[in-house]
Structure formats: structure tokens, C-alpha cells
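Q: this one's sequence-less:
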């Protein structure tokens, strides 16, 4: 991924035209904890990915190389979870649809762009705000 992205950036900086980079991914796990992939994914499909989760493969590789450890990984996961929970709480502080919170029409246009594009200015005017 890094190599092809670097190559695409170099092409762009050299004015060699646009570059399309296609990333093909595969969601190994379920959509959520309440999801059962066996209901829609045949067992043979997961067997086609014998090397497993690429994140875990990278973790194990870095541990083997001596540049990462289980302790650092556990700490990083805890920090990431803490950051995600804090971001969720901050977002929920602005209101949730479940709690009946609903942004005003004005709020949908404000604070999104440093400079609002013309098409959104027109839409805002059409909405009467």
C-alpha cells in the first residue's frame, strides 16, 4: 500500500497525469458482535484466507523482529479504545437522534467548510437559512 501510494504521489508531482490506485480489502470478521457470518458466508470462503487477519500478521511480524511487544500492543489497543470512547462521548454531547436531538437546518450548513462552496450556499439559501 505504501509503495504504490508513494509511486502515485511521485507521478502526480512530476505532472505525469492521474493515477488510479485500487485497494481490494476483505472483512475477515463479522459486521458486529451480534452478526453471524456463517449465515451469509460459506466456510470455504474464510479458508481461502489461510494467512488470517493482516493486522495480527503485522503485529506478530513486528514482535518477531523485536520492534513491538504484546505489552505495547495491549497498551496501544487500550489507548485507541480510550480515544474512540472519548470521541463518541464528545459527539453524543452534541445530541443523538435516539435522544431526540436533531440538528437545525442552519447547523447542517455551518462549521463544515472554512469557505462554503457555491452549491451549498445556494442550497442554504433555498432552505431559507
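A: Happy to help now that I have it. As the structure is a prediction and not an experimental result, all values here were calculated from the model.
Q: the domain parsing of this structure - what is it?
A: Listed by automatic domain parsing, the domain ranges of the chain are 1-47, 51-95.
Q: If you average pLDDT over each of those, which is lowest?
A: Confidence, taken as mean pLDDT, is least for domain 1-47 of the domains of the chain (a mean of 87).
Q: Straight-line length of that one, end to end?
A: Using CA to CA, to the nearest Å, one end of domain 1-47 lies 24 Å from the other.
Q: Point to the residue nearest the middle of this structure.
A: The residue lying closest to the centre of the chain (CA atoms, centre = their mean) is residue 84, at 11.9 Å.
Q: Tell me, how many residues neighbour the residue lying closest to residue 102 once chain neighbours are set aside?
A: Once flanking residues are discounted, residue 102 sits nearest to residue 95: 7.3 Å by CB to CB, 6 or more residues apart in numbering. From N, CA and C alone the C-beta is placed, and that goes for glycine too. Applying other CB atoms under 10 Å, we find 13 residues neighbouring residue 95.
Q: Looks like residue 95 contacts residue 107 (just checking).
A: No: with contact defined as CB atoms under 8 Å, residue 95 does not count as touching residue 107 (9.9 Å).
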